[in-house]
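Student: can't give you the sequence, but here's the structure:
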């Protein structure tokens, strides 16, 4: 068991020099994802507002007819 721990520790020690590069890649991916969401957000918001308007318009109309 201790031997396995030593191997794992050695692998981690070798790979730690790549951590800053991996962190930078994750940061780039996160910023790209945020940029995509910001680009698409107005379209998504407009879609949901329109859908909400339709649903609320129908439910108001139904209530008016039933009353």
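Tutor: Received, thanks. Here the structure is a predicted model, which is why all the values come from computation and not from measurement.
Student: For residue 5, give its distance to residue 14.
Tutor: Per Cβ to Cβ, to the nearest Å, residue 5 is found 15 Å from residue 14. Quick note: C-beta positions are derived from backbone N, CA and C, even for glycine.
Student: Tell me where the protein has strands.
Tutor: In the chain, no strands are defined using DSSP state E.
Student: just so I have it, where are all the helices in it?
Tutor: Taking DSSP state H as the criterion, the chain contains helices spanning 2-15, 19-66.
Student: how much does the last one deviate in direction from helix 2-15?
Tutor: This means helix 19-66. Angle of helix 19-66 versus helix 2-15, following axes from the mean of the first three to the mean of the last three Cα atoms, to 10 degrees, is 90 degrees.
Student: pLDDT averaged over helix 19-66 - what is it?
Tutor: Across helix 19-66, the average pLDDT comes to 84.
Student: now do the first one
Tutor: For helix 2-15, the mean pLDDT works out to 76.
Student: Which neighbouring elements make contact with that helix?
Tutor: Helix 2-15 sits against no helix or strand, with contacts defined as 3 or more Cβ pairs under 8 Å, 6 or more residues apart in numbering; DSSP states H and E.
Student: Please shift the residue numbers so they start at 41 in all later answers.
Tutor: Got it, the first residue is 41 from now on, which makes the last one we talked about helix 42-55.
Student: Run the chain-centre distance for it.
Tutor: Centre-to-centre, helix 42-55 and its host chain are 33 Å apart (Cα atoms, centre = their mean, to the nearest Å).
Student: ok, now stretch 51-69?
Tutor: Relative to its parent chain, stretch 51-69 has a centroid offset of 21 Å by Cα atoms, centre = their mean.
Student: what's the neighbour count on residue 73?
Tutor: 10 (other Cβ atoms under 10 Å).
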